[in-house]
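In: Provided below for reference: sequence and predicted model.
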Amino acid sequence: MPRQTYFAKNGEVSKKTHEFDAAGRRLGRLAAEIAPILMGKHRPEYTPHVDVGDYVVITNASKVALTGR
(Lines give C-alpha, C1' and ligand atoms only; values in the text may rest on other atoms or scores of the structure.)
Protein backbone atom coordinates (compact mmCIF):
# COMPACT_ATOMS: atom_id res chain seq x y z
CA MET A 1 0.00 0.00 0.00
CA PRO A 2 1.67 3.28 -1.07
CA ARG A 3 1.84 6.12 1.43
CA GLN A 4 0.29 9.42 0.52
CA THR A 5 1.90 12.67 1.64
CA TYR A 6 -0.65 15.18 2.88
CA PHE A 7 -0.44 18.77 1.64
CA ALA A 8 -2.76 21.36 3.14
CA LYS A 9 -4.76 23.52 0.75
CA ASN A 10 -5.75 27.18 1.06
CA GLY A 11 -8.82 27.60 3.24
CA GLU A 12 -8.60 24.03 4.51
CA VAL A 13 -6.82 24.85 7.78
CA SER A 14 -8.51 26.86 10.53
CA LYS A 15 -6.42 29.57 12.13
CA LYS A 16 -6.16 30.22 15.85
CA THR A 17 -5.11 33.38 17.66
CA HIS A 18 -2.12 33.34 20.00
CA GLU A 19 -1.57 36.16 22.49
CA PHE A 20 1.84 37.19 23.81
CA ASP A 21 2.69 39.72 26.52
CA ALA A 22 5.92 41.48 25.50
CA ALA A 23 6.44 43.37 28.77
CA GLY A 24 10.01 42.78 29.98
CA ARG A 25 10.77 40.13 27.35
CA ARG A 26 13.74 40.44 25.02
CA LEU A 27 12.92 41.30 21.45
CA GLY A 28 14.97 38.57 19.75
CA ARG A 29 13.72 35.77 21.98
CA LEU A 30 10.13 36.89 21.53
CA ALA A 31 10.59 37.03 17.75
CA ALA A 32 12.11 33.53 17.73
CA GLU A 33 9.06 32.23 19.58
CA ILE A 34 6.53 34.00 17.35
CA ALA A 35 8.08 33.33 13.91
CA PRO A 36 7.31 29.57 13.76
CA ILE A 37 3.70 30.28 14.77
CA LEU A 38 3.29 32.81 11.96
CA MET A 39 4.77 30.33 9.45
CA GLY A 40 2.70 27.43 10.78
CA LYS A 41 5.67 25.20 11.63
CA HIS A 42 4.09 24.25 14.97
CA ARG A 43 1.24 22.48 13.18
CA PRO A 44 1.34 18.90 11.91
CA GLU A 45 -0.23 19.96 8.60
CA TYR A 46 2.59 22.44 7.83
CA THR A 47 3.03 22.95 4.10
CA PRO A 48 5.71 25.43 2.95
CA HIS A 49 3.79 26.81 -0.05
CA VAL A 50 0.48 27.35 1.79
CA ASP A 51 -0.30 29.92 4.48
CA VAL A 52 -1.13 27.64 7.43
CA GLY A 53 0.18 30.01 10.11
CA ASP A 54 -1.90 31.33 12.97
CA TYR A 55 -2.65 34.89 14.05
CA VAL A 56 -0.50 36.52 16.73
CA VAL A 57 -1.52 39.39 19.02
CA ILE A 58 1.24 41.12 20.99
CA THR A 59 0.29 43.21 24.00
CA ASN A 60 2.57 45.70 25.78
CA ALA A 61 4.85 45.93 22.73
CA SER A 62 6.13 49.30 23.93
CA LYS A 63 7.54 47.60 27.05
CA VAL A 64 9.72 45.06 25.20
CA ALA A 65 13.32 44.88 26.46
CA LEU A 66 15.94 46.12 23.98
CA THR A 67 19.48 45.15 24.98
CA GLY A 68 21.33 47.19 22.35
CA ARG A 69 23.63 44.34 21.36
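Out: Done, it's in. What you see is a predicted model, and the numbers here were worked out from it, not measured in a lab.

In: So Leu38 belongs to a helix, correct?
Out: Yes. Counting by DSSP: H, G, I helix; E, B strand; the rest coil, Leu38 is part of a helix.

In: Tell me which residues touch it, please.
Out: Neighbour list for Leu38: 53-54, 56 [criterion: Cβ atoms under 8 Å, 6 or more residues apart in numbering]. For every residue, glycine as well, the C-beta is placed using N, CA and C.

In: which residues of this structure fall in helices?
Out: Using DSSP state H, the helices of the chain run over 27-39.

In: need the contact list for Lys9.
Out: By Cβ under 8 Å, 6+ apart, the neighbours of Lys9 are Val50.

In: my bad, should have said Ala35
Out: If you count contacts by Cβ under 8 Å, 6+ apart, Ala35 has none.

In: Quick check: it vs Phe20, distance?
Out: From Ala35 across to Phe20, the span is 12 Å (Cβ to Cβ, to the nearest Å).

In: Kindly report the same for Met1.
Out: 43 Å.

In: of those two, who's got more company?
Out: Phe20 (16 against 3; other Cβ atoms under 10 Å).

In: Is that one in contact with Ala31, as I believe?
Out: No. Counting by Cβ atoms under 8 Å, Phe20 does not reach Ala31; the two are 10.4 Å apart.

In: and the end-to-end length of stretch 61-69?
Out: Terminal residues of stretch 61-69 are spaced 19 Å apart (Cα to Cα, to the nearest Å).

In: all strands for the protein, in order.
Out: Taking DSSP state E to define them, one finds strands in the chain at 17-21, 55-59.

In: Just send these back as CSV, with mean pLDDT too.
Out: What follows is the strands of the chain, written out as CSV (pLDDT from 0 to 100):
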stretch, mean pLDDT
strand 17-21, 98
strand 55-59, 98
